[in-house]
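Q: Just a sequence and a predicted model for now, questions to come.
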Amino acid sequence: MTGASGALGRVLAAALGRQSWTLRLTDIRPFPGPLPDGASFELADLADADGSRIRALAEGCATILHFGGISVERPFDEVIGPNIRGLYNIYEAARRAKARVLFASSNHTVGFHRRDEVLDLNSTFRPDGYYGLSKVYGELMGELYFAKHGVESVLVRIGSCFPKPTDARMLATWLSYDDLVGLCACALKAETVGCIKIWGTSNNKRMTWWRGDDREAIGWSPKSSADEYADELASKTTGDPVVEQHQGGAYCRIDYSRPE
Ligand code: 15L
């Protein structure tokens with residue numbers, strides 16, 4: 001697992017450790033706190049031009065849970081190393097290790113779609129920044145490595161994975177930690193997956209922007225729902241039309257300079 005020291009990495013490491021998976025964890029930052037049972041940890045830089053360290057770490061792994069890299073909108077020069085070069089290192093490592101990849105993609109691949117649209121897997125990419133663009137690259141990298149080398153991928157377009165939804169947008173985008181763990185466990189256990197794409201949200205029915213994906217291939221069905229927070233959160237909006245009209249929310253506003 002890359003990005004093991006990050007917010008989602010720590011949740012997953014603890015939960016998958018409890019499920020008795022053997023985990024090889026890595027991150028550019030040290031792992032905070034004690035390691036889960038059955039886990040080892042090594043520091044590594046995804047953006048390493050040589051890639052040999054990542055390849056060595058992947059040896060013997062059945063699946064790479066790729067949660068590493070820049071996880072929010074940042075300037076292009078910060079994104080390119082971990083999220084573009086890093087992706088290449090991960091897929092080359094997966095090819096050599098004959099490992100499956102679960103790629104933590106993002107809703108920011110389609111962030112500039114409007115909120116009154118319902119998307120499916122045929123909808124076009126509309127990245128809302130350099131971060132979202134790097135996730136588009138990652139999804140296409142998965143497609144390339146499956147078509148050319150047979151490397152399997154579960155490409156998960158994560159909505160907003162936090163302990164609780166905290167604003168109106170998250171009534172559509174929220175993914176609970178339990179559902180994330182369930183999804184990863186299904187992806188680890190599935191016999192064959194090919195190259196599939198899944199909307200990473202909980203069972204949110206009151207507000208839905210995304211439908212129709214490949215979750216059946218791994219037998220995942222989310223259990224949590226943001227619906228129970230609807231009364232509390234429906235009015236928690238920003239009042240900014242660029243933010244509120246688009247699925248990517250605040251990411252669309254960063255550096256936004258389009259004349260109205
Ligand atoms: C993401 O891709 C980010 O990693 C996360 O920090 C949130 O901003 C999330 O999207 C979101 O859209 O809420």
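A: Thanks, I have the structure now.
Q: How far does stretch 39-59 stretch from one end to the other?
A: Criterion C-alpha to C-alpha, to the nearest Å; first-to-last residue distance in stretch 39-59 is 15 Å.
Q: Let me know how buried Thr120 is, in neighbour terms.
A: Heads up, residue 120 is Asp, not Thr. 10 (other C-beta atoms under 10 Å). In short, each C-beta sits where N, CA and C put it, glycine included.
Q: Now do the contacts for the residue nearest in space to the middle of the chain.
A: For the chain, the residue nearest the mean C-alpha position is Ala104 (2.2 Å; C-alpha atoms, centre = their mean). Counting by C-beta atoms under 8 Å, 6 or more residues apart in numbering, Ala104 touches Gly3, Leu8, Leu65, His66, Phe67, Val156, Ile158.
Q: so of the residues you listed, which ones are in strands?
A: Leu65, His66, Val156, Ile158 (DSSP state E).
Q: The ligand: which of these is nearest?
A: Within the ones in strands among the contacts of Ala104, proximity to the ligand (C-beta to the nearest ligand atom) peaks at Ile158, which comes in at 6.0 Å.
Q: Report pLDDT for that closest one.
A: Ile158 carries a pLDDT value of 99.
Q: Now do the helix or strand Tyr91 falls within: distance to the chain's middle.
A: According to DSSP states H and E, Tyr91 maps onto helix 86-97. Counting by C-alpha atoms, centre = their mean, to the nearest Å, helix 86-97 is centred 17 Å from the centre of its parent chain.
Q: Give me the mean pLDDT for that helix.
A: According to the model, helix 86-97 has a mean pLDDT of 98.
Q: next structured bit after it?
A: strand 100-106.
Q: Is that following strand positioned near the ligand?
A: Yes: Strand 100-106 is in contact with the ligand by C-beta under 6 Å from any ligand atom, via Ser106.
Q: Just the C-alphas of that strand, formatted as CSV.
A: Output of strand 100-106 as CSV, limited to C-alpha atoms (Å, rounded to 0.1, in the frame of the first residue of the first chain):
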residue,chain,number,x,y,z
ARG,A,100,-3.3,-6.1,-9.5
VAL,A,101,-3.5,-2.3,-8.9
LEU,A,102,-6.3,-0.6,-7.0
PHE,A,103,-5.9,3.0,-7.9
ALA,A,104,-7.4,5.7,-5.7
SER,A,105,-8.7,8.0,-8.5
SER,A,106,-11.0,10.9,-7.7
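Q: and the nearest residue to Arg169 once chain neighbours are set aside, how many neighbours?
A: Among residues not flanking Arg169 along the chain, Gly249 sits closest, at 4.8 Å (C-beta to C-beta, 6 or more residues apart in numbering). Using other C-beta under 10 Å, Gly249 is surrounded by 26 other residues.
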